[in-house]
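**Student:** curious how this folds, go ahead:
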Amino acid sequence: MEYREITKEDLDNYKTLMLPMIYEELSEQEDINSEYICIASWLNNEPAGVIITELEGNGDINLLSIWTAQKYRRMGIASALKDKMTEVAVNLYDWEEGQYGDDIILKTMYSLGDEYRKPFESWLEKNDFTDFCILKNAEDNNPEIKSATAEIHFMRFTG
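**Tutor:** Numbers count the residues shown, from 1 in each chain. Next comes the predicted model:
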């Protein structure tokens with residue numbers, strides 16, 4: 001598997017592998033790589049999956065979109081993308097002098113029908129997400145909004 005940074009110039013190549021509202025948000029940004037981590041995985045000379053996260057000023061990370069192409073599902077691509085994103089985030093982290101570790105929160109909010117919600121929540125659990133919460137109950141034909149968080153331990157090694 002090969003990983004590629006998604007840039008504003010090639011964003012359209014990945015449109016079908018991210019949530020439409022996230023694609024729209026990224027399309028409106030001048031420079032998507034200053035506030036977001038956007039990574040695609042490639043297999044067989046084609047994009048297999050995409051992860052989009054937003055970096056918060058306090059070091060925490062919002063998981064905005066993660067998707068694997070149908071024919072590449074159940075191969076660990078989404079988990080590998082999360083791991084690659086974490087590696088990139090550690091390298092971008094603004095370390096204070098003398099700091100060698102920190103606990104970062106990776107969080108996500110989602111509102112999905114059962115067809116997607118159940119496999120997504122299963123993936124979240126397998127990837128150490130906890131603290132599943134209902135932020136807004138479904139009422140008046142509005143969808144239910146949920147959240148989950150994962151704690152990531154950042155370590156800095158100096159040579």
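**Student:** any idea where the strands of this protein begin and end?
**Tutor:** 2-5, 36-43, 46-55, 61-68, 101-110, 129-136, 145-155 (DSSP state E).
**Student:** and stretch 29-38, which residues are buried?
**Tutor:** For stretch 29-38, burial by neighbour count (16 or more other CB atoms under 10 Å) applies to Ile32, Tyr36, Ile37, Cys38. Any C-beta I mention is one placed from the backbone N, CA and C, and that applies to glycine too.
**Student:** right, I mislabeled it, should have said stretch 122-130
**Tutor:** Buried residues in stretch 122-130 (16+ other CB under 10 Å): Leu124, Asn127, Phe129.
**Student:** just the CA atoms of it, as PDB, please.
**Tutor:** Output of stretch 122-130 as PDB, limited to C-alpha atoms (Å, rounded to 0.1, in the frame of the first residue of the first chain):
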ATOM      1  CA  SER A 122     -17.400  -1.600  15.100                       C
ATOM      2  CA  TRP A 123     -14.300  -0.100  13.400                       C
ATOM      3  CA  LEU A 124     -14.200   2.700  16.100                       C
ATOM      4  CA  GLU A 125     -14.200   0.100  18.900                       C
ATOM      5  CA  LYS A 126     -11.400  -2.000  17.200                       C
ATOM      6  CA  ASN A 127      -9.400   1.200  16.900                       C
ATOM      7  CA  ASP A 128      -9.600   2.100  20.700                       C
ATOM      8  CA  PHE A 129     -12.400   4.600  20.600                       C
ATOM      9  CA  THR A 130     -14.300   4.800  23.800                       C
END
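**Student:** which strands and helices sit next to the lengthiest helix in the chain?
**Tutor:** The longest helix of the chain (DSSP state H) is helix 77-92. Judged by 3 or more CB pairs under 8 Å, 6 or more residues apart in numbering; DSSP states H and E, helix 77-92 is in contact with strand 36-43, strand 46-55, strand 61-68, strand 101-110, helix 114-126, strand 145-155.
**Student:** can you list the low-confidence ranges for this structure?
**Tutor:** The model of the chain has pLDDT under 70 over residues 99, 138, 140-142, 156-159.
**Student:** still on that earlier bit, okay, the strands of the chain in a markdown table with distance to Thr16 next?
**Tutor:** Below are the strands of the chain laid out as a markdown table (distance: least, CB to CB, whole Å):
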| stretch | distance to Thr16 |
| --- | --- |
| strand 2-5 | 16 |
| strand 36-43 | 12 |
| strand 46-55 | 9 |
| strand 61-68 | 8 |
| strand 101-110 | 19 |
| strand 129-136 | 25 |
| strand 145-155 | 24 |
